[in-house]
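Engineer: Provide a 3D model corresponding to the input given below.
(one chain, ligands or ions: 1)
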Amino acid sequence: MSWFGNYIKSSIGAKHLMAITGLMLLGFVLAHMLGNLQIFMGQAAINAYAVKLQSLGVLLWIMRGGLVLAVLVHIYSAMRLVSMNSAARPVKYKMAFKDKSSFASRTMKWGGIILILFLIFHLVQLTLGGGPLKANFNLLDEYGRHDVYNMTVLGFQNVAVAASYLVAMLVLCFHLSHGVTSLFQSLGINHPKYNGMIKMAGPSIATLVLIGNCSMPIAVLAGWVKATV
Ligand code: HEM
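Structural biologist: So this is what the prediction gives:
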């Protein structure tokens, strides 16, 4: 087998793939959040932003394809690492050791599964226009543009929808808190001078994403951001 084939099949190859795809997904989450925060600038701003995104045409489809591939490779590498770890230790420890790992690191698998379920719900609701809120998906603004503003605000006015976003964002926060710090380790990025900063990178970025994403459903529930229809 070629050097590359051996590398991809190894546990270090799987760790590198997880880290690189994790970095791509983090980039999307940050860019998506910054785009969505334009909801605070009003209907005109966020609807114009959505039109700009759609006008990327082929480039948008290439980005969507890259994102789907990154999600699939991320999940596949995680599954391979779990099975390699259990193959390396087929018999569980007989003695009970006190588990010193953090809550975030112990919940990576279930967190990941909940995030996939959230993503399916999110895409059905806001990209495919299905589900119980599908009437909001066909709204147009005064310029005949897809009314992303009212679609999102009316969605969050439904308390069950808003609550499910808040829970999913908490899960995302734990996932990023451990994931971002461990991606540095997987890529072999460490230096005694910067290790403190690297350790804090995960929790800090995760908290920023939590605050940014939760601010939207909270603002709608509190009546600070209102529908215009
Ligand atoms: C409060 C948080 C969020 C809000 C308000 C939000 C809002 C939206 C909206 C309005 C769309 C449709 C855009 C359009 O039709 O132009 C969308 C699409 C999407 N969202 Fe979110 N989102 C949030 C969080 C997330 C998170 C955490 C993820 C990933 C883990 C995510 C992944 C996606 C994806 C993959 C799409 C499809 C993009 C595309 O069609 O190209 N979103 N989101």
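
Engineer: where does the protein dip in pLDDT?
Structural biologist: Where the chain drops to pLDDT under 70, the residues are 1, 90-100.

Engineer: what residues does it put near the ligand?
Structural biologist: Counting by CB under 6 Å from any ligand atom, the chain comes close to the ligand at 29, 32, 36, 50, 53, 64, 115, 119, 122-123, 126-127, 148, 152, 165, 172, 213, 216-217. Using the backbone N, CA and C atoms, a C-beta is placed for each residue, glycine as well.

Engineer: give me the nearest residue to the most centrally placed residue in the chain, chain neighbours excluded.
Structural biologist: Central residue of the chain (CA atoms, centre = their mean): residue 29, 5.2 Å from the mean position. Of all residues not flanking residue 29 in the chain, residue 209 sits nearest, at 6.1 Å (CB to CB, 6 or more residues apart in numbering).

Engineer: doesn't the one you found belong to a strand?
Structural biologist: No. Read with DSSP: H, G, I helix; E, B strand; the rest coil, residue 209 is helix and lies in no strand.

Engineer: is it in contact with residue 176, as I believe?
Structural biologist: Yes. In this structure, residue 209 is within contact of residue 176 by CB atoms under 8 Å, at 6.1 Å.

Engineer: of those two, which one has the most company?
Structural biologist: Neighbour count, other CB atoms under 10 Å: between residue 209 and residue 176, residue 176 has more, with 28 against 22.

Engineer: check which helix or strand covers the more buried one.
Structural biologist: For residue 176, the element it lies in under DSSP states H and E is helix 159-186.

Engineer: buried ones in that helix, by neighbour count?
Structural biologist: For helix 159-186, burial by neighbour count (16 or more other CB atoms under 10 Å) applies to 161-162, 164-166, 168-184, 186.

Engineer: what is it packed up against?
Structural biologist: helix 11-36, helix 103-106, helix 108-126, helix 148-157, helix 195-221 (3 or more CB pairs under 8 Å, 6 or more residues apart in numbering; DSSP states H and E).

Engineer: got these as JSON lines, with distance to residue 142 columns?
Structural biologist: Shown next, in JSON lines, are the helices and strands packed on helix 159-186 (distance: least, CB to CB, whole Å):
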{"stretch": "helix 11-36", "distance to residue 142": "21"}
{"stretch": "helix 103-106", "distance to residue 142": "45"}
{"stretch": "helix 108-126", "distance to residue 142": "21"}
{"stretch": "helix 148-157", "distance to residue 142": "11"}
{"stretch": "helix 195-221", "distance to residue 142": "21"}
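
Engineer: same for the lengthiest helix in the chain, what does it pack against?
Structural biologist: Secondary structure assigned by DSSP state H gives helix 58-88 as the longest helix of the chain. If contacts are counted by 3+ CB pairs under 8 Å, 6+ apart, helix 58-88 sits against helix 11-36, helix 108-126.

Engineer: out of those helices, which is closest to residue 85?
Structural biologist: Nearest of the helices and strands packed on helix 58-88 to residue 85, taken as CB to CB: helix 11-36 at 8.2 Å.

Engineer: that closest one: which residues count as buried?
Structural biologist: Quick answer for helix 11-36 (16+ other CB under 10 Å): 13-22, 24-26, 29, 33, 36.

Engineer: nearest to residue 227, of the helices and strands packed on helix 159-186?
Structural biologist: helix 148-157 (4.6 Å).

Engineer: what's the angle between the closest one and helix 195-221?
Structural biologist: What separates the directions of helix 148-157 and helix 195-221 is an angle of 90 degrees, with axes from the mean of the first three to the mean of the last three CA atoms, to 10 degrees.

Engineer: could you measure from the residue nearest to residue 53 when sequence neighbours are not counted over to residue 51?
Structural biologist: Nearest in space to residue 53, with sequence neighbours left out and distances taken as CB to CB, 6+ apart, is residue 60 at 6.4 Å. As judged by CB to CB, to the nearest Å, residue 60 and residue 51 stand 12 Å apart.
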